[in-house]
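Colleague: here's my sequence, what's the structure:
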Amino acid sequence: MIIGSVNSNLEAIIPISIYGLNNQIYTIDGILDTGFDGWLSLSPDLVTQLNLTWKRQGRAILADGSESIFNSYEAVILWDGVRLTIPIDEANSEPLVGISLMSNYQLIIQIFPEGKVELQNINTI
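Modeller: As a prediction, the model looks like this:
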């Protein structure tokens, strides 16, 4: 199970552990974004700091209908105790956890500041 909390902006936040240089683990806060169909987005600064491997350019249609072209990288994360290699979309925003990463999980959010966030694998419920 992955446990997080709701911040003062009513954003559901969970910790994400990413392997960087020399297999060092960096833990960041990720905002759960059910409108983002990708895996995880990171800022250009974090991509550089983690020295992620570039894979390709991607395109996305944003919520306002505009099109965005972005770089896509690959990273290894620790997700619910398991090492996963996932695509990372570069974005000028806070780290966003997309619905692809949350696939096969049940999400429960107490929507008030300091409320509890729980992601539980549906195969273990």
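
Colleague: ok, now which ones touch the residue lying closest to residue 33 once chain neighbours are set aside?
Modeller: Nearest in space to residue 33, with sequence neighbours left out and distances taken as CB to CB, 6 or more residues apart in numbering, is residue 96 at 4.4 Å. (C-beta placed from N, C-alpha, C; glycine too.) Counting by CB atoms under 8 Å, 6 or more residues apart in numbering, residue 96 touches 30-31, 33, 36, 38, 40-41.

Colleague: buried among those? Make that a ChimeraX selection.
Modeller: One line in ChimeraX is enough to select the buried ones among the contacts of residue 96; burial here means 16 or more other CB atoms under 10 Å:
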select :30,31,33,36,38,40,41
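
Colleague: for the contacts of residue 96, point out the one with the lowest pLDDT.
Modeller: Within the contacts of residue 96, residue 36 has the lowest pLDDT, namely 89.

Colleague: confidence-wise, which helix or strand of the chain is lowest on average?
Modeller: strand 53-61 (a mean of 85; mean pLDDT, DSSP states H and E).

Colleague: quick one: buried residues of it?
Modeller: The neighbour-count check on strand 53-61 (16+ other CB under 10 Å) flags nothing as buried.

Colleague: next one: stretch 58-73
Modeller: 70-73.

Colleague: in strands only, show me those.
Modeller: Among the buried residues of stretch 58-73, DSSP state E puts 70-73 in strands.

Colleague: who does the residue most central in space within the chain bridge with?
Modeller: The centre of the chain sits closest to residue 97, judged by CA atoms, centre = their mean, with a distance of 2.6 Å. For residue 97, the beta-bridge partners are residue 32, residue 40 (DSSP bridges).
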